[in-house]
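Trainee: test case, fold it:
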Amino acid sequence: MKKYKKLTITLLVADFLIVICFFFTYGPVSYFRDLLITTAMTTMEHKYLARTLYTEDMINNTLSKNYTEEAQENTNTADIVVKASSEQDSYGSIYEEQILKRDPEHPDYKIIELSGSTYKGYMGVIYDPSRIKLGITPDLGSMGSFLRNIVKDNHAILGINASGFLDPNEYGNGGEPTGTVIKDGKIIWRGSATGYGGGLAGFNQDNILVLTRATPEEAIKQGMRDAVEFGPFLMVNGKSAIVKGNGGWGLAPRTVLAQRKDGIVLFIVIDGRQPGYSIGINMADLISLLERYQVHNAVNLDGGASSSLVVNGETYSKPCGYSANGERRVPNGWIFK
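Mentor: This is a model prediction of the structure:
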């Protein structure tokens, strides 16, 4: 009798869980359905999760109501005045104090911990943008490198991942970037379209972060020295992208390159896909984060398992890739030397 009673309870619990899952997946409340579809469909290798559960019409309908609308303009470089920030007696907000108050242990940069209801991450604050370069894997086109090795090989202090890359399966080696890559004022790679909006994003000869939809040749003529191609552009000339629904990108790890009007550059990495620690951030919360720190221009870079922050040769964030420390091989990264 006890055996049958336990079996009955087990079956009832299983039925209850199935009903709950069915409710979240197909029920009248669209939040969880939208979250699952937008999260899956903006990954390289997990689109099957959405397509297994939903028809293409349901997926397309969800994506049509959840998207991020970029500002349709290029960076106005005259807005950015790169200057040496100095200590202050008072600050307009706690966020301004976090940015401007130097870390006495390494006054040329600092690391700020970030957290929200669904995420944890880090922000590198860099006071001298002239020291930011694009680090490249030595085997571009055939094999990517772990970001920590790109940072070490370039004798750099900080680094974040940059370009996306071709990933025919979930074990892509990071060797072939998507989009164009510009290094030292020259085009070193022309890849396939990224499919994520945005355009070229990088630094010009005046060390200003430029977001532009110009051709690579036009961008170089206009002074671009280092750039990658990705998107979406999250802020352009202080104008935030408009988020519809959940933004169309779900919850995921993210990497962002940003600059304030005073020239200070922010390396932002949000960890994710790790229940109990950090699931990820959506576009609405990401843009709110940028606004909080008075960002003027910002671009979304490759995210997911590629998102990582390296500090002094060690992986500082908690990436969710397949290597021993979670990093994936990537074609390049933004580094601070």
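
Trainee: direction included, what does whichever strand or helix holds residue 255 pair against?
Mentor: According to DSSP states H and E, residue 255 maps onto strand 254-260. If you go by DSSP bridges, strand 254-260 pairs up with strand 265-270 (antiparallel), strand 295-301 (antiparallel).

Trainee: got TSV for these, with distance to residue 248 and mean neighbour count too?
Mentor: Just so you know, the C-beta spots here come from the backbone N, C-alpha and C atoms, and that holds for glycine as well. Below are the strands paired with strand 254-260 laid out as TSV (distance: least, C-beta to C-beta, whole Å; neighbours: other C-beta atoms under 10 Å):
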stretch	distance to residue 248	mean neighbour count
strand 265-270	17	26
strand 295-301	12	27
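
Trainee: now render these as JSON lines, adding mean pLDDT and distance to residue 242.
Mentor: Shown next, in JSON lines, are the strands paired with strand 254-260 (pLDDT from 0 to 100; distance: least, C-beta to C-beta, whole Å):
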{"stretch": "strand 265-270", "mean pLDDT": "98", "distance to residue 242": "20"}
{"stretch": "strand 295-301", "mean pLDDT": "98", "distance to residue 242": "14"}
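
Trainee: how is this protein divided into domains?
Mentor: 2-65, 70-336 (automatic domain parsing).

Trainee: if we can go back for a sec, out of the strands paired with strand 254-260, flag the one nearest residue 61.
Mentor: strand 295-301 (23.9 Å; C-beta to C-beta).

Trainee: report all helices and strands that the helix or strand following the closest one contacts.
Mentor: Sequence-wise, the next helix or strand downstream of strand 295-301 (DSSP H and E) is strand 309-311. Here strand 309-311 touches strand 120-126, helix 147-153, strand 158-161, going by 3 or more C-beta pairs under 8 Å, 6 or more residues apart in numbering; DSSP states H and E.

Trainee: for strand 309-311, which strands pair with it and how are they oriented?
Mentor: Strand 309-311 has these strand partners (DSSP bridges): strand 158-161 (antiparallel), strand 314-315 (antiparallel).
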